[in-house]
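Asker: Prediction below, plus the sequence it came from.
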Amino acid sequence: MKLIDVGDVIGMSENVNTNKKYSVLPFGPQHPVLPEPIHLKFIVDEEKIIDVLPNLGYVHRGIERGCELNDYKRNIWLTERICGICNYIHGATYCAAIEKITDTEVPVRAKYLRTIWGELGRLQSHLLWLGLFADAIGFESLFMQIWRDREIVLTLNEKTNGHRIHLATNMIGGARKDIDDSLENEYKKDLNLLRKKMDALKPVFYKDSAIKQKCEGKGILSKNKARFLGATGPTIRGSGLKEDARLTGYEAYGQLDFKPVVYEGEDSYSRMLVRFDEVLQSIDLIEKAFDQMPEGPILNKNDKFPMGHTVIRTEQPRGEVFYYVEGNGTNKLTRCKIRTPTASNIPALINMLIGYEVSDIPTIVHSIDPCISCTERIVYVRRNE
Amino acid sequence: MPKMLKEVIKNLLSPPATVNYPFVKPTPVPGTRGALNWDMSRCDQCQDCERVCPSVAIKVYPEEKKIEYQPFKCLFCYLCIENCMQQAISGSDIVAEPAYTKIVKVFKTET
Amino acid sequence: MLENISLNTIFSIVLIFCAPIIGGFLMGIDRKLTARMQSRMGPPIIQPFYDVIKLWGKEPFISSTLQPILAFCYFGFSLTSFALLALGQDLLLIIFTLGIADSCLIIASLNSKSPYSVLGGKRELLSIMSYEPVLLLTAISIYYVTGSFMVARIFYLSYPLISYLPLVFIALIPVLVIDLKKSPYDVSASGHAHQELVRGVFTEFSGYSLALIELGHWTKVVMMLSLVSLFWATNLIIGICLALVLFFIVLVIDNVYPRLDWKSMLKTTWSIGIILIIANIVGLIARVVMHI
Amino acid sequence: MKTMTKARLKSPWVLHFDCGSCNGCDIEILAALTPKFDAERFGIVNIGDPKQADMLLVTGPSNKRNQRVLKNLYEQMPEPKVVVAIGECACTGAIFHNCPNTNGGIDKIIPVDVYVPGCAARPEQIVDGIVLALQKLAEKSEKEAD
Amino acid sequence: MDQELLIALTIGAPTLAGLGCLILNDKIARKVIVSLSAILLIGSSFILFNGGGFSYEPNSILDTLVLFFDLMLLVYFFYVGIKFKNILVIGLSLLQLLPVLYFEFILHGVEGTPTFLIDELSLLMSLIISIVGSVIVIYGLNYMDEHEEHLHIQKSRQNRFFFFMLLLLGAMHGLVFSNNLYWLYFFWEITTLCSYELIRHDGTEIAIKNGITALWMNLIGGVAFVLTLFIGYYYFNSIAIDEILKMYQSPVVLLFLAVLSFAAFTKSAQFPFNSWLQGAMVAPTPVSALLHSSTMVNAGIYLILRIAPALNNSALSYSIALVGAFTFLTSAILALNERVSKGILAYSTIGNLGLIFLCIGINTPLSYASALALLIFHSVSKGLLFLCAGVVENRVHSRLIEDWEGLIRRLPATSIIMITAMLSMFLPPFGMLLGKWVAIEALSSSYYISSMLIILLLVLGSAATSVYYIKWLSYLTVLPLDGKNFESEKIPWSYVISLLTLFGLIIIMGTGVSSVFNLLILPTLPSNYYTNIDASIINLNTGIGSFVTYPLWLIIAAMVFFGYTLSKRKGGTVKPPYLSGENVVDDPTVFHTTADGIAKIEVSAQFFENEFSNNRLLVLSKILGSIIIMLLFFAVML
């Protein structure tokens, strides 16, 4: 084992005085602020962060290799388990990729269903995040409140296909389940209820001075830096850039008159507001999708084995997810490359953290909504510009 | 004035949202994906379920007319149910229970 | 007369030994009420006692041989300071004794050489730095009313203390928040460990030393609340109600604020707390001068 | 029942470690603490510090890197302690059976007392699992007292 | 025995012994001379103390001698200024030399005043100086050997060193016994000389620089003294302090007192004159111990203690308190981010002197008593702390408290003594805290309505004080995780004697606080100061509060005993710290980290450098300090 001295690491950052004694803070893999294992080694001057080094690999399971070993149809379930929070979108993206290779036409209703469930997943994920964020900044009652309200979405999941987290409604060529009229009414009713509850929490997020004190100006990520470091999703939208894969109009987004939520603040607070607004936006989108959804079949079966390769990108709650799928005409894929949003947000995170206080770590780390289990494939993190 | 105050007081005055779980069993939502059961009188050992299972929780031994099912490997995705031609597999809305050991359930055709 | 005194003394001594138990119940109420404010059911009231008994029976892990002794001293000195209060002793002495208890906790957490514990200890140091001046000033302002630092003298007043010192009473709220380790000032350690420092000062404590620390914390809470109840010493039952109301206010504050950093803690207590107390004392003196 | 055993049963402080799961079980563990299920009714507190925890909740199949962390955390917990494997992948690896970097179940690394099925395990199942684990804890406690 | 002889002994014995040391540059002879003079000094001051107050006028030849030596001294200072091309020293020494020449040869001075006036206050001071001072000098015997060995000095310069050390003790006795302003001024200048020579003893660049700083700052005080001579001559026609103090309170008297207290501020290193005491750290440890605990800085305190009864509720008195309070707070905050052990002690000294000034400035009987208590307890505790710091420094070869981590294992005996000394600085029921307690009570019960400001500074400073001591304590008590046992420690005999003497004094005075009050403090109060302090064995009653002493000691003993028993009974395995699960199995001091490497645990978080930055604060505090000092003169006008 190589002993990495403080000095060695410090040498990499400019704002360092080597005569000084610094503290080293091993943050993670097991840490109450981070529900997921990631190791961040902080070099701290008193409480000020001088340098951060991330260490990944605690959730690395070899899913891409697993995708090559599995039957390509089973991969839907595996890709759904890349991440339990955004499971639906992972599965749907994988299906879309296979559909693209095998030239399968997806029925329009299935496209709408995918949009609805995708937004439902986003809703679930953002509510989860808002709660976790509240918990991380020490606002326990807000956490409880949001997670209580989040149960509405989970119950909807359960009503749809019998499970709270894993919706498991992805199928190559369409959807596995349909939403009938009675379920549609329940969707509308429950989402209305959720909107009311979120409206009640609006002043807390928009106006509470203590939350502002905790988040405003923390973790600044300027426009240029966000672009340069390849941030995606709410992280880049919080820096005032209008970046959203949904603008490409995949699935039914083209018909829904979708406009991304953008805040100009460049700090943790605006990233939080982006997510809060997207909660409300998702509810709107689902309702709109229900209004426009045509009747018709939901599944177009096509048992062709995938041949050729393709890329596909969709918008996850955390940003853009990218799939590269390559098949050779057998029932096994030759390559399945997945790049998830958190992987591209980590360089931005490292940049955001430097110069802030230890007490800001939870705010800033959570502000990119890290999903480590998404990220854990081969990762190369470039630290310096 | 802290904005959360109203909600907190409201919560304090209204009954808790808690389902007192082990003491009050909530009625399961219809369609809940719970424990699996094989009706061996219908099963024809076609191995379809084994084939579709994403996590190899099912092993079919056609010679012994036996099915080994591992609930601690099962994802409860219900693909096997959907793919069973004989409709021999049924799900229940009672979720699987935790245990001290990893039980393997064996279903055997009575001969 | 003599019988009366001895009865009082016996009552005080019984009270001293009950202090941790009362504190335990208070913490139970705290957890229940907090849960209810978060629309949960919450644990039973005697939950803290289960916790402490359980901790006492755990396998003893320590981070240094000094740690359990210091943990015991934390409990012991918290109890001593409460005892001094119950026996009507000098207010400043009580605050200083509480200072010994806190120093024990901090030294125990600082000397374990664990990054989280040390950072927690540092912040605990700062929380002492923020609330000790306010407490001392409170004692001094009480002196301005009673003409003595002795707690026993407060009982001779014909009007409750709060009628003279309403602003001081308000200034005690942040102190209580810090002492109870509640948001927004639970910077050094929080009950549920969802903060950046894991368990802060308590990180390296486990088993019986943690149980002792918990007992000490309960005693400290009781001691602070009894200090508050002195503000209505003419009728102690009202005084105790007053303390409980303040306790409730602190719980509400805990639930409507996120955790702030230690800088704002220091700023709040050193500015608002001290300004309030000084304003009150100036008002008091002005009142006396006007009267003359 | 002895006081100590009762106290232990009434106050299980849990330590949660994500050993490579998909997050599904992790968020359900958190959900078990939130208003609808409110595990704090049983005195369950997510304590976050192995030195103070009684119960280790592990999710995920564990891999080559985090197995040492898991072992460390287990060793840092004082006796009596119990380990609960939550979710299919913590029990057996399940869906990740093909993935090369997984160990296929945490019982290959540390002794597991209770297995909780489900992918992802529901809060009800988690609460059931903890209750089951408590019985194991009581057994251990009684054994220690003898 | 004859009291005159005793006085001659207290002043002369150390001086002569010093001369002996200077001439006989030999180890053994030095040891004999120093030990003998220490015994003589302690013995004579004890007998003097038992004898009570009196006054005495020595032969007039001595007057001429004093004049001669004084002029020599000033010429020497002038020479130093020329040598180091320091305009301040040149100017300030000329500012004294010329007026003194004018005063003596043109005005012919003032005749006929009892030169030595010995009252309880001088006796108490003499007791402190002789006991603590002698202990430090004895300690120095061994320390200087180690020190020179450490610096690889070939030719020993210890003769010079001990000459000035002992001369300082003699001069201090002269200072506290003198009643004649001129004599006082002479001894005052000798202490300046000694401090300058001792600070620059090592001869390094920084030592010389700091020595010069100390010199010019103290010379400012000297100039102030010369000014008082003239005021005394022109307005009172007397330079006997007791006579001037008895005069009716007039603006001139107040001006006289203000100038005197200004001199005291320079000597006691109050803001903005703090930097010389801070710079004195470069000197060998016995020097700092002597300057900080019992001699140099106490000269200023003594002066103010003496003039305090005459101040009597004036605005001047309040300004003195304000200066003290300001110094107390600022030095406590400055000490927060000090890493050098002796630096922390220096700030602590400055702060505590400020506290004493505060108490004297409040000028009620109670606060006067608390000032005396603080003076006594501070001298002993601070002396011991410095001695311990010296021992540790010579063994650890570092002054940074971060490097003293885990000292309790490496040097258990010294550490325990040191920890006790530190506890005695800020925790009840030790004397220092008791003094602070009396101070707060005195302050609250004082007549000034505007004392709120002082109270505020005091409570804030008091909180900060405990912060830096707790921090230091925690560094000392770290027990490394490698599980090694306590090492045994060898301490040379002179260390043992000096450390144990002061340690014993702390414990005895701590437990016997009541006796200290009854025997030392209450008799020393000026005759018109009545207090209702009632020091019984159980508690110390000030009339407005009571401080439980013996029961508290018993409780502390019980706590430690029960805590120890409990930890022995329950036992426990020492576990590595929580590192988010990334501990390395067989090495508790490192953790797994990025790139499959390991990293050492480094913790250094308690210096608040980003928040209370020293440099900015230092400048600010100096400006504020100067403003407050100006206020002092403004107060005279009122």
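Answerer: Received the coordinates, thanks.

Asker: Helix, strand or coil: sort out the closest residue to residue E:192 other than its chain neighbours for me.
Answerer: Using C-beta to C-beta, 6 or more residues apart in numbering or on different chains and skipping residues adjacent in sequence, the residue nearest residue E:192 is residue E:218, 4.0 Å away. Backbone N, C-alpha and C define where each C-beta goes, glycine included. For residue E:218, the assignment made with DSSP: H, G, I helix; E, B strand; the rest coil gives helix.

Asker: How about residue A:320?
Answerer: Quick answer, by three-state DSSP: residue A:320 is strand.

Asker: from chain D, which residue is nearest to chain E?
Answerer: residue D:69 (4.1 Å; C-beta to the nearest C-beta).

Asker: and that residue, how many neighbours?
Answerer: Look at residue D:69: counted by other C-beta atoms under 10 Å in any protein chain shown, it has 25 neighbours.

Asker: Over to residue E:53?
Answerer: 13.

Asker: Mind pulling up the pLDDT for it?
Answerer: Per-residue pLDDT puts residue E:53 at 74.

Asker: quick one: the helices in the stretch 251-385 of chain A?
Answerer: Counting by DSSP state H, counting those that start in this stretch, the stretch 251-385 of chain A has these helices, from start to end: A:268-292, A:341-353, A:361-367, A:372-375.

Asker: Tell me which of the ones you listed lies nearest to residue E:308.
Answerer: helix A:361-367 (53.8 Å; C-beta to C-beta).

Asker: Next, the contact list for the residue in the stretch 201-350 of chain E positioned nearest to chain D, please.
Answerer: Using C-beta to the nearest C-beta, the closest approach of the stretch 201-350 of chain E to chain D is made by residue E:336 at 28.9 Å. Contacts for residue E:336 (C-beta atoms under 8 Å, 6 or more residues apart in numbering or on different chains) come out as E:464, E:467, E:468, E:607, E:608, E:612.

Asker: hmm, try it at 6 Å
Answerer: Residue E:336 makes contact with E:468, E:608, E:612, according to C-beta atoms under 6 Å, 6 or more residues apart in numbering or on different chains.

Asker: Could you check which helix or strand contains the second one?
Answerer: For residue E:608, there is no host helix or strand (DSSP states H and E).

Asker: Over to the first one?
Answerer: When secondary structure is defined by DSSP H and E, residue E:468 falls within helix E:451-476.

Asker: Does that helix pack against any helices or strands, and if so which?
Answerer: Packed against helix E:451-476 by the contact rule (3 or more C-beta pairs under 6 Å, 6 or more residues apart in numbering or on different chains; DSSP states H and E) you find helix C:91-110, helix C:115-146, helix E:315-336, helix E:412-426.

Asker: which helices and strands does the shortest one pack with?
Answerer: Applying 3+ C-beta pairs under 6 Å, 6+ apart, one finds that helix E:412-426 contacts helix E:365-396, helix E:451-476, helix E:493-511.

Asker: Need these in JSON lines (columns: mean pLDDT and mean neighbour count).
Answerer: Output for the helices and strands packed on helix E:412-426, formatted as JSON lines (pLDDT from 0 to 100; neighbours: other C-beta atoms under 10 Å in any protein chain shown):
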{"stretch": "helix E:365-396", "mean pLDDT": "87", "mean neighbour count": "26"}
{"stretch": "helix E:451-476", "mean pLDDT": "86", "mean neighbour count": "23"}
{"stretch": "helix E:493-511", "mean pLDDT": "86", "mean neighbour count": "19"}
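
Asker: closest to residue D:11 out of those?
Answerer: Among these, helix E:451-476 sits nearest to residue D:11 (C-beta to C-beta), with 30.6 Å.

Asker: how much space between the most centrally placed residue in chain B and residue E:333?
Answerer: In chain B, the residue lying closest to the centroid (C-alpha atoms, centre = their mean) is residue B:34, at 2.4 Å. Going from residue B:34 to residue E:333 by C-beta to C-beta, to the nearest Å gives 65 Å.

Asker: circling back: specify the local secondary structure of the residue nearest to the centre of chain B.
Answerer: Classified using three-state DSSP, residue B:34 is coil.

Asker: residues touching it, list them.
Answerer: If you count contacts by C-beta under 6 Å, 6+ apart, residue B:34 has them with B:92, B:93, B:94, B:95.

Asker: 10 Å instead?
Answerer: By C-beta atoms under 10 Å, 6 or more residues apart in numbering or on different chains, residue B:34 lies in contact with A:162-163, B:28, B:76, B:78, B:91-97, D:118, D:122.

Asker: in chain B, which spans are helices?
Answerer: For chain B, the helices defined by DSSP state H cover B:5-13, B:48-52, B:79-83.

Asker: okay, those helices, which one's buried deepest?
Answerer: Stretch with highest mean neighbour count among the helices of chain B: helix B:48-52 (a mean of 19; mean count of other C-beta atoms under 10 Å in any protein chain shown).

Asker: list the helices and strands it packs on?
Answerer: Contacts defined by 3 or more C-beta pairs under 10 Å, 6 or more residues apart in numbering or on different chains; DSSP states H and E place helix B:48-52 against strand B:58-61, strand B:66-69, helix B:79-83.

Asker: Distance from that helix to the middle of the chain?
Answerer: 17 Å (C-alpha atoms, centre = their mean, to the nearest Å).

Asker: which residues are contacting that helix?
Answerer: Here helix B:48-52 makes contact (C-beta under 10 Å, 6+ apart) with A:71, A:73-74, A:77, B:36, B:38, B:43, B:56-61, B:67-69, B:77, B:79-86, B:88-89.

Asker: and that helix, average pLDDT?
Answerer: Helix B:48-52 carries an average pLDDT of 87.

Asker: just stretch A:85-102 next, same as before
Answerer: Per-residue scores along stretch A:85-102 average to 89.

Asker: ok, and does that stretch reach over to chain B?
Answerer: No. Using C-beta under 10 Å from any C-beta of the partner chain, stretch A:85-102 stays clear of chain B, coming no nearer than 11.0 Å.

Asker: give me phi/psi at the spatially most central residue of chain D?
Answerer: Compute the mean C-alpha point of chain D, and by C-alpha atoms, centre = their mean the closest residue is residue D:57, 2.0 Å away. For residue D:57, the backbone dihedrals (degrees, to the nearest 10) come out as phi -100, psi 120.

Asker: about what we covered before: against residue B:74, how distant is the residue nearest to the centre of chain B?
Answerer: Residue B:34 sits 11 Å away from residue B:74, going by C-beta to C-beta.
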